[in-house]
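> Based on what follows, work out the 3D shape:
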Amino acid sequence: MSGIYIHIPFCKQACHYCNFHFATSLLKKDALVGALQQEIILSATTASRVLHTVYFGGGTPSILPIEDIAAILKTITTIYTIDSDAEITLEANPDDITIEKLAGWKEIGINRLSIGIQSFFEEDLQWMNRTHNAEQAKKALELALQYFDNITIDLIYGTPGLTDAKWKYNVEAAIGYGIPHLSCYALTVEPKTPLEKLIRQHKKDDVNPDMQADQFLLLMDWLDAAVYEHYEISNFAKPGCRSRHNSSYWQGKPYIGIGPSAHSFDGKERRWNVANNQKYIDAIQRGELPFEKEVLSPTQKLNEYIMIALRTCEGLDLSRLQKYEKATILKNAQKYLQQHLLSFNENILVLTRKGKLYADGIAADLFLDELYTGRCSE
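Here you go, the predicted structure:
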């Protein structure tokens with residue numbers, strides 16, 4: 001098993017753009033933490049039980065008392081062996097970060113923080129309905145850097161009101177703090193989110209795709225100049241500081257997900273837990289694993305590989321494919337090669353700088369038809 005993901009489904013309040021599963025009430029916190037520990041035990045398989053990464057995501061894991069995080073980690077160690085140099089990440093909001101929590105997280109084994117900064121501007125944070133303010137964003141990084149070397153932060157671009165000058169300030173501030181890893185996302189208006197409703201009601205401005213594209217191009221220029229490796233569409237790292245946990249997803253490695261709405265993958269089968277805290281707790285207390293699943297067909301596996309490989313700097317390795325698959329993909333790729341959105345060298349298809357603007361659309365155009373029964377070569 002490559003890694004384990006623990007979904008902590010609690011937040012202080014709902015960010016307007018977020019479509020992840022969470023609750024703003026902590027009334028079921030103790031029962032949920034107990035259920036997470038029990039699912040770790042119930043879901044154990046005969047597959048390799050050495051973990052190279054542990055990731056606490058959400059939701060807002062930093063909202064939990066340190067004792068709860070420690071208890072979950074202890075349960076993990078009763079089932080799995082955590083590699084001696086494993087990457088153990090905790091997502092944290094700036095307003096949760098204190099000296100006491102930082103020291104406690106480090107003491108129980110957390111060695112990487114993922115901090116949801118999003119912006120260093122007050123008006124942007126209020127627009128997103130974030131729980132922290134601009135001063136807390138800066139203070140959180142100053143404190144975190146006293147305890148952790150391995151830190152990643154999230155930044156959002158393409159929000160109405162975020163000028164290129166403000167976007168540059170956000171990026172340069174992150175660089176100035178010496179943050180070794182950045183995850184930078186274009187604001188997406190997801191269905192059934194407060195943001196989608198507010199835009200539909202004309203209470204907030206909609207996003208401007210052209211502005212988002214321009215800010216993505218600027219981002220690539222600025223971080224290239226600062227010697228960050230653009231190793232995945234939304235992720236940039238100093239040498240040696242890639243996210244090992246997320247990289248395992250992009251490499252198609254097996255992983256297990258624990259908690260309501262968490263996903264797991266064993267190389268052949270994908271499953272996902274019910275996205276309801278009470279239903280999740282009730283099922284686990286009955287000794288049941290509350291998930292749905294699908295077995296991926298060979299073509300589905302191939303198309304997933306196309307999608308994730310093109311998002312990475314390593315690109316799509318056609319030498320892994322059968323002759324028919326390679327020929328079909330190359331045929332479909334010709335227009336993108338001619339438009340200089342893709343490059344092709346030594347059996348590798350890679351998105352160009354401009355091509356990264358159209359990553360998902362290009363990948364979808366390269367998908368093979370489900371009727372074809374070929375498979376990726378092992």
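
> I'd like to know how many residues surround the closest residue to Gln118 other than its chain neighbours.
Nearest non-adjacent residue to Gln118, counting by C-beta to C-beta, 6 or more residues apart in numbering: Ile156, 4.9 Å away. Any C-beta I mention is one placed from the backbone N, CA and C, and that applies to glycine too. For Ile156, the neighbour count with other C-beta atoms under 10 Å is 24.

> Just the pLDDT at the residue nearest to Tyr147 when sequence neighbours are not counted, thanks.
Excluding the flanking residues, the one nearest Tyr147 by C-beta to C-beta, 6+ apart is Leu102, at 4.3 Å. Note on Leu102: pLDDT of 98.

> List the contacts of Leu102.
Taking C-beta atoms under 8 Å, 6 or more residues apart in numbering, we find Leu102 in contact with Leu143, Ala144, Gln146, Tyr147, Phe148.

> So which of the residues you listed wins on neighbours?
Highest neighbour count within those, by other C-beta under 10 Å: Ala144, with 22 neighbours.

> thinking again about what came up before, the residue nearest to Gln118 contacts Thr188, correct?
No - using C-beta atoms under 8 Å, Ile156 makes no contact with Thr188, being 9.5 Å away.

> Return every residue with contacts to both of those two.
Both Ile156 and Thr188 are in contact with Tyr17, where contact means C-beta under 8 Å, 6+ apart.

> domains for the chain, by residue range?
3-249, 298-366 (automatic domain parsing).

> Check the offset of the shortest one from the chain's centre.
In other words, domain 298-366. Computed by C-alpha atoms, centre = their mean, to the nearest Å, the chain-centroid distance of domain 298-366 equals 22 Å.

> tell me the mean pLDDT for it?
96.

> okay, how far is it across it, tip to tip?
End-to-end distance for domain 298-366, by C-alpha to C-alpha, to the nearest Å: 15 Å.

> can you give me the helices for the stretch 251-378 of the chain?
Applying DSSP state H, counting those that start in this stretch to the stretch 251-378 of the chain gives helices spanning 277-285, 298-310, 323-338, 359-366.

> pLDDT weak spots in this protein?
Along the chain, the model assigns pLDDT under 70 to residues 1, 46-48, 370-378.

> Using JSON lines, lay out the contacts of Leu102 together with secondary structure.
As requested, the contacts of Leu102 are arranged in JSON lines below (DSSP: H, G, I helix; E, B strand; the rest coil):
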{"residue": "Leu143", "secondary structure": "helix"}
{"residue": "Ala144", "secondary structure": "helix"}
{"residue": "Gln146", "secondary structure": "coil"}
{"residue": "Tyr147", "secondary structure": "coil"}
{"residue": "Phe148", "secondary structure": "coil"}
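
> what pairs with the residue nearest to Gln118 across the strands?
Tyr185 (DSSP bridges).

> how much space is there between it and Ala140?
As judged by C-beta to C-beta, to the nearest Å, Ile156 and Ala140 stand 16 Å apart.

> With Thr328 instead?
For Thr328, the distance to Ala140 - C-beta to C-beta - is 49 Å.

> Of those two, give the one with the bigger neighbour count.
Per other C-beta under 10 Å, whichever of Thr328 and Ala140 has more neighbours is Ala140, with 25 against 18.

> so who does the nearest residue to the more buried one once chain neighbours are set aside touch?
Distance criterion C-beta to C-beta, 6+ apart; nearest residue to Ala140, sequence neighbours excluded, is Pro94 at 3.6 Å. Going by C-beta under 8 Å, 6+ apart, Pro94 touches Ile115, Gly116, Ile117, His132, Gln136, Ala137, Lys139, Ala140, Leu141.

> With Ala137 instead?
Applying C-beta under 8 Å, 6+ apart, we find Ala137 in contact with Pro94, Ile117, Gln118, Ser119, Phe120, Leu125.

> Just send those residues back as CSV, with distance to Gly161 too.
Shown next, in CSV, are the contacts of Ala137 (distance: C-beta to C-beta, whole Å):
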residue, distance to Gly161
Pro94, 20
Ile117, 17
Gln118, 13
Ser119, 10
Phe120, 14
Leu125, 11
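
> Please list the members of the residues you listed that lie in strands.
Cross-referencing those against strands under DSSP state E gives Ile117, Gln118.

> Just flag the most distant two among the contacts of Pro94.
With C-beta to C-beta as the measure, no two of those lie farther apart than Gly116 and Lys139, at 14.3 Å.

> Look at the two and report which has more neighbours.
In terms of neighbours (other C-beta under 10 Å), Gly116 is the more surrounded of Gly116 and Lys139; the figures are 24 against 16.

> ok now do that one, which residues does it touch?
Glu91, Ala92, Asn93, Pro94, Arg130, Ile153, Asp154.

> at 10 Å instead, please
15, 58, 60, 62, 91-96, 130-132, 137, 140, 153-156, 183 (C-beta atoms under 10 Å, 6 or more residues apart in numbering).

> Taking those residues, please make a PyMOL selection of just the buried ones.
A single PyMOL command is used to select the members of those judged buried by 16 or more other C-beta atoms under 10 Å:
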select buried, resi 15+58+60+62+91+92+93+94+95+96+130+131+132+137+140+153+154+155+156+183
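
> any chance you could map the strands in the stretch 151-300 of the chain?
Per DSSP state E, counting those that start in this stretch, the stretch 151-300 of the chain carries strands over the ranges 151-157, 181-186, 229-232, 235-237, 255-258, 263-265, 269-273, 291-295.

> Ala225 contacts Ile175, correct?
Yes - in this structure Ala225 lies within contact range of Ile175 using C-beta atoms under 10 Å: 9.3 Å.

> the more surrounded of these two?
Ile175 (17 against 9).

> where's that one relative to His132, distance?
According to C-beta to C-beta, Ile175 and His132 sit 20 Å apart.
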